[in-house]
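K.L.:
From the sequence below, what's the structure:
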Amino acid sequence: MSILFYRLFLALYWLGAVFLSLFNKKAKRWLTGRKNLFAELARLPPASERRTIWIHCSSLGEFEQARPVLENLRQAYPGCFILLSFFSPSGYDIRKDYPGADAVTYLPPDGPVTAEKFLGLVEPELVLWVKYDYWYFYLTAIKRRNIPLLLVSGIFRPQQPFFRSWGHFHRSMLHCFTMLFVQNRASADLLEAAGFNRVIVSGDTRFDRVAEIARQQSSLPLVEAFVGTGQVVVAGSTWEEDEEELDHYANTHPEIKFIIAPHETDRERLLDIEKLFRRCIRYSDLEGRAGPREASGGFWPSADAFAGINVLLIDSIGLLATLYRYGTVAYVGGGFGEDGVHNVLEAAVYGRPVIFGPEYEKYAEAVGLVAAGGAFDVENAIELEKTLDILLSDGQDYRGACESAGKFVQDNTGATGVIMNYIQEKRLFTS
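P.N.:
Sure thing, here's the model as predicted:
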């Protein structure tokens with residue numbers, strides 16, 4: 001790709017977003033969220049009154065990788081001004097009020113003018129780019145200004161354009177980084193073979209994030225009352241393909257409780273899920289089953305308050321990381337779709353076996369968890385049901401998988417500390 005083709009790509013991307021916004025809600029949010037964006041940035045405190053660290057995330061998953069570093073930066077440099085930017089509405093909509101940042105914004109579309117204008121308004125002293133979402137004009141403008149630029153939790157594969165004979169343009173973006181912190185040795189080897197020597201294998205900061213969530217010991221009393229003391233399958237970030245693999249087992253095993261937390265919670269999706277699972281109640285309806293005292297304390301008025309119901313449908317966002325705590329077994333969605341499995345670490349941190357579909361090879365943490373014996377990939381509903389039967393028998397296989405899952409997460413924590421040590425030793429940002 002050349003600059004000319006990249007400019008053409010940017011123009012087509014914008015036109016595509018305009019067209020899609022006519023009938024796609026996410027595309028419409030992507031456009032409307034960027035209206036008056038520079039006017040809002042102009043209202044930031046004057047640069048002379050703040051010292052800014054800019055952290056960019058593509059979406060919500062990357063925010064979870066950024067969060068432990070962001071919170072450590074806040075602790076190490078309490079006077080800093082943290083600007084958090086998102087490319088996708090999926091991240092911005094959920095974290096626009098995140099209290100750990102001083103300002104949260106969309107990233108304006110890439111371009112030589114917009115990149116310079118954005119940097120002129122923000123004036124960051126340190127920039128952290130999380131995992132990927134490479135934009136040429138932003139990255140090159142940061143380099144021209146001699147602003148330290150770190151890649152956090154990068155992951156690379158041989159198929160990416162950086163490592164192709166025609167990938168000079170893409171490699172030029174990686175040369176903008178002061179240091180590339182990558183998740184594994186394989187990524188570092190690829191980069192080093194391509195001529196990059198500013199590489200550190202730090203690991204994935206998501207391990208630190210999920211470990212912190214587990215330490216917080218958060219609870220959901222209404223969920224605790226629903227699950228009781230029986231076996232529970234928590235299915236998180238599910239898509240239609242996942243639910244269609246799960247519904248037969250849930251419908252034919254009324255003695256097992258299921259918690260379904262879909263990736264999207266719009267009205268149509270919830271109605272479709274309720275058609276699949278026959279004995280279902282929504283999370284928002286739980287309090288209606290308890291009296292005022294019981295709802296606040298998490299106790300139901302009688303043991304049979306939920307007789308005949310074995311599926312809890314989560315119609316709220318932000319609960320999933322805590323919900324996995326209640327699972328005997330976890331199922332993580334996305335593995336039957338082209339984009340691949342979602343975050344398996346949120347489940348594994350509790351020392352529970354994790355199951356997902358066959359599309360997971362792009363995700364190092366999922367590959368590693370399978371290799372460690374803490375996760376199981378399935379090709380179809382029949383394999384899924386066989387795996388659930390084995391794990392829910394509570395035998396040696398189950399106990400071994402629990403131990404392996406928990407150990408895998410604990411053995412891979414520490415990436416945040418590696419990054420923070422580098423920032424402080426190199427004095428990339430000072431108090």
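
K.L.:
Lys131 versus the residue lying closest to Gly203 once chain neighbours are set aside, what's the distance?
P.N.:
When the adjacent residues along the chain are set aside, Gly203 lies closest to Ala415, with 3.7 Å between them (Cβ to Cβ, 6 or more residues apart in numbering). For the C-beta atoms, the positions are set from N, CA and C on the backbone; glycine is no exception. According to Cβ to Cβ, to the nearest Å, Ala415 stands 12 Å off from Lys131.

K.L.:
Mutual contacts of these two, please.
P.N.:
Jointly contacting Ala415 and Lys131 under the rule Cβ atoms under 8 Å, 6 or more residues apart in numbering are Ser153.

K.L.:
What's opposite the nearest residue to Phe277 once chain neighbours are set aside in the beta bridge?
P.N.:
Nearest non-adjacent residue to Phe277, counting by Cβ to Cβ, 6+ apart: Val311, 4.3 Å away. Note on Val311: beta-bridge partners Phe258, Cys280, judged by DSSP bridges.

K.L.:
and Ala415 and Lys131? which has more neighbours close in?
P.N.:
Ala415 (26 against 22; other Cβ atoms under 10 Å).

K.L.:
Which residues are in contact with the more buried one?
P.N.:
Residues in contact with Ala415 (Cβ under 8 Å, 6+ apart) are Ser153, Phe181, Gln183, Ser202, Gly203, Asp204, Thr205, Phe207, Asp208.

K.L.:
Pull the contacting residues for the fourth one.
P.N.:
Residues counted as contacts of Ser202 (Cβ under 8 Å, 6+ apart) are Ser153, Phe181, Val182, Gln183, Gly414, Ala415, Val418, Ile419.

K.L.:
which residues of the stretch 101-250 of the chain fall in strands?
P.N.:
103-106, 124-130, 149-154, 179-182, 199-201, 232-238 (DSSP state E, counting those that start in this stretch).

K.L.:
any chance of the ones you listed in CSV, plus mean neighbour count?
P.N.:
Formatted as CSV, these follow (neighbours: other Cβ atoms under 10 Å):
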stretch, mean neighbour count
strand 103-106, 20
strand 124-130, 24
strand 149-154, 25
strand 179-182, 24
strand 199-201, 18
strand 232-238, 26
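
K.L.:
quick one on the thing from earlier: which among the contacts of Ala415 gets closest to Tyr398?
P.N.:
Nearest to Tyr398 out of those is Phe207 (Cβ to Cβ; 23.1 Å).

K.L.:
how many neighbours does Arg282 have?
P.N.:
17.

K.L.:
any low-confidence regions in the protein?
P.N.:
Along the chain, segments meeting pLDDT under 70 span 1, 287-305.

K.L.:
how does it look with 50?
P.N.:
Residue ranges of the chain with pLDDT under 50: 293-296, 298, 300-301.

K.L.:
Report the central residue of it.
P.N.:
Nearest to the geometric centre of the chain sits Gly61, at 1.8 Å (Cα atoms, centre = their mean).

K.L.:
Chain neighbours aside, what residue packs nearest to that one?
P.N.:
With Cβ to Cβ, 6+ apart as the criterion, Gly61 has its nearest non-adjacent residue at 6.4 Å, and that residue is Asn343.

K.L.:
which of the residues in stretch 245-264 are buried?
P.N.:
245-247, 249-251, 253, 256-263 (16 or more other Cβ atoms under 10 Å).

K.L.:
farthest pair in those residues?
P.N.:
Maximum distance among the buried residues of stretch 245-264 (Cβ to Cβ): 23.5 Å, for His253 and His263.

K.L.:
So which residues make contact with the one helix or strand Glu62 maps to?
P.N.:
Following DSSP states H and E, one finds Glu62 within helix 60-76. Helix 60-76 is contacted from outside by 53, 55, 57, 80, 82, 84, 86, 88, 90-91, 94-95, 98, 100-101, 128, 130-133, 152-153, 204-206, 208-209, 212, 342-343, 416, 419-420, 423-424, 429, 431, using Cβ under 8 Å, 6+ apart.

K.L.:
If you count neighbours, what's buried in that helix?
P.N.:
Applying 16+ other Cβ under 10 Å to helix 60-76 flags 60-74 as buried.

K.L.:
Next secondary structure element downstream of it?
P.N.:
Next in sequence after helix 60-76, counting helices and strands by DSSP H and E, comes strand 81-86.

K.L.:
Strand partners (parallel or antiparallel) of that next one?
P.N.:
If you go by DSSP bridges, strand 81-86 pairs up with strand 52-57 (parallel), strand 103-106 (parallel).

K.L.:
Val227: which of these is closest?
P.N.:
Closest of these to Val227 is strand 52-57, at 32.7 Å (criterion: Cβ to Cβ).

K.L.:
Gly351 against Cys402, yeah?
P.N.:
Yes: the criterion here is Cβ atoms under 8 Å, and Gly351 meets it with Cys402 at 4.8 Å.

K.L.:
For burial, what's the neighbour tally of Ser393?
P.N.:
10.

K.L.:
Correction: the previous question concerned Ser165.
P.N.:
6.

K.L.:
Also Val329?
P.N.:
Summarising burial for Val329: neighbours were counted as other Cβ under 10 Å, giving 24.

K.L.:
Asn146 versus that one, what's the distance?
P.N.:
Distance of Val329 to Asn146, given as Cβ to Cβ: 51 Å.

K.L.:
dump the residue contacts of His248.
P.N.:
Counted by Cβ under 8 Å, 6+ apart, His248 has contacts Ala381, Glu385.

K.L.:
change it to 7 Å
P.N.:
His248 makes contact with Ala381, according to Cβ atoms under 7 Å, 6 or more residues apart in numbering.

K.L.:
Likewise for Ile314?
P.N.:
Ile314 neighbours (Cβ under 7 Å, 6+ apart): Ile259, Ile260, Ala261, Tyr283, Leu323.

K.L.:
just checking, which of the residues you listed belong to helices?
P.N.:
Leu323 (DSSP state H).

K.L.:
picking up where we left off before, from the buried residues of stretch 245-264, pick the one nearest Trp166.
P.N.:
Proximity of the buried residues of stretch 245-264 to Trp166 was ranked by Cβ to Cβ; the top entry is His263 with 34.8 Å.

K.L.:
quick one: that closest one from Phe81, how far?
P.N.:
Taken as Cβ to Cβ, the span from His263 to Phe81 is 33 Å.

K.L.:
With Phe207 instead?
P.N.:
28 Å.

K.L.:
repeat for Leu222
P.N.:
Distance from Leu222 to Phe81, by Cβ to Cβ: 39 Å.
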